[in-house]
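In: quick one: sequence and predicted model below, then my questions.
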Protein chains: 2
Amino acid sequence: MSLDHYFIQLANHKLKKTPKRIEILRVMNSKNTYFSPQELWAMLKEKFQKIGLPTVYRILQQFQEIGIVASIQKEDNQLYYFLCSIKHSHHHFICRKCKKVSCVEYCDFEQIKKSVEEQLQSKAETHFLQIEGLCKDCLES
Amino acid sequence: MSLDHYFIQLANHKLKKTPKRIEILRVMNSKNTYFSPQELWAMLKEKFQKIGLPTVYRILQQFQEIGIVASIQKEDNQLYYFLCSIKHSHHHFICRKCKKVSCVEYCDFEQIKKSVEEQLQSKAETHFLQIEGLCKDCLES
DNA sequence: TTGTAAACGAAAATCATTTTCATTTAGAAT
DNA sequence: ATTCTAAATGAAAATGATTTTCGTTTACAA
Ligand SMILES: [Mn+2]
Ligand SMILES: [Mn+2]
Ligand SMILES: [Zn+2]
Ligand SMILES: [Zn+2]
């Protein structure tokens, strides 16, 4: 996706187009993988003489708030973000080898919802689904 | 479920049947809700004059390793555990009001797996699904 | 009853994440 | 182009959950 798309979102939410934000977007947009704040920080330190880790955390949080990044859940309970501008509820496929993240729009939750509600007599309101495996590229290599 | 079931698992894995372990099992077995280590610690402090937080963390980890507790994922990225002895892959329904956790054995993942693998030409290996809503009791009250 | 590995508590360490606050900067207004 | 100001940032410290260390205690088998 074009960086301009993200710049427009920044403007829409009155977030300034700063060098740090631009670089984070550039790095994240160069690969479709998820990143930890520390990883991004390490990459940004190669380009900027001064760059604080809190800045990275802040920017990622803001990007999540304005809906251009999403986070994934890992066993280590740390924060991982990736670019995702889809607004409606959907899910993610994550390659366990290369960390690539792909959006999964298809999900027939109705069956499970129905089963849960019947068996437990409860109301299923939301669901979180994350799929892991090997992506096309990693399967081939 | 009877506490004896858990005591047998302790014995099977050569874990001693200590007062702290017994009490954690008793507390967790008294409600079908999830607990944070800190919550359990607070409850245990009422019964024991001396009880360290690391003990609670250690016991919960061990219980997870021997397959009598499982953990849930929350937005705050902290650890939450609940009693669950089901060995095979399944999912959980969590009541957002009372924190009750129910196991969900039904899941037709084949459809999504097929869709993902076709569209992304990837291999879907594992999936994590967590359902949130209101349980029977909380719906009624 | 005794021996011993396992369990435990206290204290400190670790480490990811957040807060504080003084300084700098993007971008709008002039 | 210059000025102004709220937003953005860095440095340092704080926070808070979780883990490690290590000396003492305990479960339980012999
Ligand atoms: Mn879904
Ligand atoms: Mn499933
Ligand atoms: Zn891959
Ligand atoms: Zn409930």
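Out: That came through, no problem. Ligands and ions are numbered 1, 2, ... in the order given.

In: near ligand 3, which residues of chain A are found?
Out: Within chain A, the positions adjacent to ligand 3 are A:Cys95, A:Lys97, A:Cys98, A:Lys100, A:Cys135, A:Cys138 by CB under 5 Å from the ion. C-beta here means a position set from N, CA and C on the backbone, and glycine is covered the same way.

In: now those residues as TSV including distance to ligand 4?
Out: Shown next, in TSV, are these (distance: CB to the ion, whole Å):
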residue	distance to ligand 4
A:Cys95	36
A:Lys97	39
A:Cys98	40
A:Lys100	37
A:Cys135	38
A:Cys138	41
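
In: return the members of those classed as buried.
Out: A:Cys95, A:Lys100, A:Cys135, A:Cys138 (16 or more other CB atoms under 10 Å in any protein chain shown).

In: just the pLDDT at the third one, thanks.
Out: Translated: A:Cys135. A:Cys135 carries a pLDDT value of 98.

In: contact partners for it?
Out: A:Cys135 sits next to A:Phe93, A:Cys95, A:Lys97, A:Cys98, A:Lys100, A:Ser102, B:Leu120, B:Ser122 when contact means CB atoms under 8 Å, 6 or more residues apart in numbering or on different chains.

In: and the first one, what is it in contact with?
Out: Contacts for A:Phe93 (CB under 8 Å, 6+ apart) come out as A:Val101, A:Ser102, A:Cys103, A:Val104, A:Ile131, A:Glu132, A:Gly133, A:Cys135, B:Val116, B:Leu120, B:Ser122, B:Ala124.

In: biggest separation within the buried ones among the residues of chain A next to ligand 3, which pair?
Out: A:Lys100 and A:Cys138 (7.9 Å; CB to CB).

In: find the nearest non-adjacent residue to A:Leu139, please.
Out: B:Lys123 (5.8 Å; CB to CB, 6 or more residues apart in numbering or on different chains).

In: outline the domain layout of chain A.
Out: Structurally, chain A divides into domains by automatic domain parsing as follows: A:3-83, A:91-140.

In: can you lay out those domains as CSV showing distance to B:Gln38?
Out: Shown next, in CSV, are these (distance: least, CB to CB, whole Å):
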stretch, distance to B:Gln38
domain A:3-83, 15
domain A:91-140, 23
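
In: next SSE downstream of the helix or strand where A:Arg26 lies?
Out: Assigned by DSSP states H and E, A:Arg26 falls within helix A:19-30. For helix A:19-30, the following helix or strand on the C-terminal side (DSSP H and E) is helix A:37-45.

In: pull out the buried residues from that following helix.
Out: Judged by neighbour count using 16+ other CB under 10 Å, the buried positions of helix A:37-45 are A:Pro37, A:Glu39, A:Leu40, A:Trp41, A:Met43, A:Leu44.

In: give the pairing partners of the top strand by length along chain A; include direction for each.
Out: For chain A, the strand that runs over the most residues, judged by DSSP state E, is strand A:123-134. When sheet partners are counted by DSSP bridges, strand A:123-134 sits next to strand A:91-95 (parallel), strand B:123-134 (antiparallel).

In: is the longest one in proximity to ligand 1?
Out: Read that as strand B:123-134. No - Strand B:123-134 stays clear of ligand 1 (CB under 5 Å from the ion), getting no nearer than 8.5 Å.

In: identify the residues contacting that strand?
Out: Contacts for strand B:123-134 (CB under 8 Å, 6+ apart): A:73, A:93, A:96, A:112-113, A:116, A:122-134, A:139, B:72-73, B:89, B:91-97, B:104, B:107, B:109, B:112-113, B:116-117.

In: at 7 Å what do you get?
Out: A:93, A:116, A:122-134, A:139, B:72-73, B:91-97, B:104, B:107, B:109, B:113, B:116-117 (CB atoms under 7 Å, 6 or more residues apart in numbering or on different chains).
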